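S.K.: Return a 3D structure for these sequence lines:
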Amino acid sequence: MIAAARLVALLVDPAQAGTVGPGAWTEILAAARAEQLIGTLAIRLAGMDLPPSVLSVLDGARATALEGRRQALWEAEMARRALAGVVAPLILLKGTAFAAAGLDAGQGRSIGDLDILVPRPALDAAEQALLTGGWMWVKPDPYDDAYYRRWMHELPPMIHPERDRMIDVHHTILPPTARLSPDADKLIAAAVPLGNGLAMLSAEDMVIHAAIHLLADGDLSGGLRNLWDIDRLLREFRDGDETFWLKLAARAAEHDAEAVVARALRLSHALFRTPVPAAWRRATATDRLFIRRLLARDGWGRGTRPATRLAFYVRSHWMRMPLALLARHLWIKWRRGAADG
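M.R.: Numbers count the residues shown, from 1 in each chain. Below you'll find the predicted structure:
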């Protein structure tokens, strides 16, 4: 927890780097790598007088982040070309959207898969266009394929073998079995063009998606990076629009996501000092549990507090699907795993 807390402190106030002792740097860098924030930290500490060994690590992380950004934008362009005539504009999600739009949240950010949002009526045509364009299934197993198509908010993951890059084709942002029901049609209708046939979610929807991704679509693994996204987005959007907070509240209500967004803002304020309105700063007793989970990382980058992590793992599944469906799915996966072993 100390290593993760020190990482958070440096991200918030890079000037504190001058007070970090030699032994603490190893722990901070390990936590930053584990949380996929090493590139972000490198950007935040650029130009500072640091120990040579730390500068070497951060220089490498900065170069890796820049190359990752280049690859992500090229993969977006390849998907746009493959889907031309099927989906226009192509709506980018998460890290690739941040990078393509030149947002602060994209500075140094680790970008993994290409995530796109496609209208459900165009899903079959998009699937065929990508297969024709050279993508192939990552999980050819019939059960996994059927499970994704019936119960998930995206197609089974695909990969382009020549570029070794994965694409997640979403038709909404949460499984249909989840407790929240964000309106995918509204997300698509309000998307903002970026030029060159690409688009991103609106400012409000981007924050809402980030909050849902952090708190309603997983176990908070890697949650510090996702919360940092929220901090950066909130700061940039509120600086550009004095009515942003009112728009965000109204939009969260439209997506039935008020509670999730409110908690995300509270956590962002608590950890990253995000300047959110007072009405969104009133911490609850359970917020401490979320902070405990977000900071559960030791100086080797390993997860700590196994009971807390297990509780959030169970919570993530409980929020994503009914208990009976979850039990059936886990039983089938366990039985097949045991048979393969």
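S.K.: Just name whatever secondary elements the longest strand along the chain is in contact with.
M.R.: Using DSSP state E to define each element, the chain has its longest strand at strand 165-170. Contacts defined by 3 or more CB pairs under 8 Å, 6 or more residues apart in numbering; DSSP states H and E place strand 165-170 against helix 52-83, strand 114-117, helix 123-132, strand 158-160. (Glycine included, C-beta is placed from N, CA and C.)
S.K.: Out of those, indicate the one that is most buried.
M.R.: strand 114-117 (a mean of 26; mean count of other CB atoms under 10 Å).
S.K.: Tell me which helix or strand in the protein has the weakest average pLDDT.
M.R.: helix 323-340 (a mean of 57; mean pLDDT, DSSP states H and E).
S.K.: Alpha carbons of the longest strand of the chain, as CSV, please.
M.R.: C-alpha atoms of strand 165-170 as CSV (Å, rounded to 0.1, in the frame of the first residue of the first chain):
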residue,chain,number,x,y,z
ARG,A,165,-2.9,-6.4,-32.1
MET,A,166,-6.3,-7.3,-30.6
ILE,A,167,-9.6,-5.6,-31.3
ASP,A,168,-12.7,-5.6,-29.0
VAL,A,169,-15.9,-4.8,-31.0
HIS,A,170,-18.5,-3.4,-28.5
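S.K.: Need the residues that contact that strand.
M.R.: 71, 75, 79, 93, 112-118, 123, 126-127, 130, 135, 138, 153-155, 157-160 (CB atoms under 8 Å, 6 or more residues apart in numbering).
S.K.: a helix runs through residue 283, doesn't it?
M.R.: No: counting by DSSP: H, G, I helix; E, B strand; the rest coil, residue 283 is not found in a helix; it is coil.
S.K.: give me phi/psi at it?
M.R.: phi -70, psi 150 (degrees, to the nearest 10).
S.K.: and it, what does it touch?
M.R.: 266, 270.
S.K.: buried residues in stretch 167-181?
M.R.: By neighbour count on 16 or more other CB atoms under 10 Å, the buried set for stretch 167-181 is 167-175, 178, 180.
S.K.: chain center to it, what's the gap?
M.R.: How far stretch 167-181 lies from its chain's middle: 14 Å, per CA atoms, centre = their mean, to the nearest Å.
S.K.: And stretch 283-299, by the same measure?
M.R.: With CA atoms, centre = their mean as the basis, stretch 283-299 stands 18 Å off its chain's centre.
S.K.: quick one on the thing from earlier: what angle do helix 52-83 and the longest strand of the chain make with each other?
M.R.: For strand 165-170 against helix 52-83, the angle by axes from the mean of the first three to the mean of the last three CA atoms, to 10 degrees is 60 degrees.
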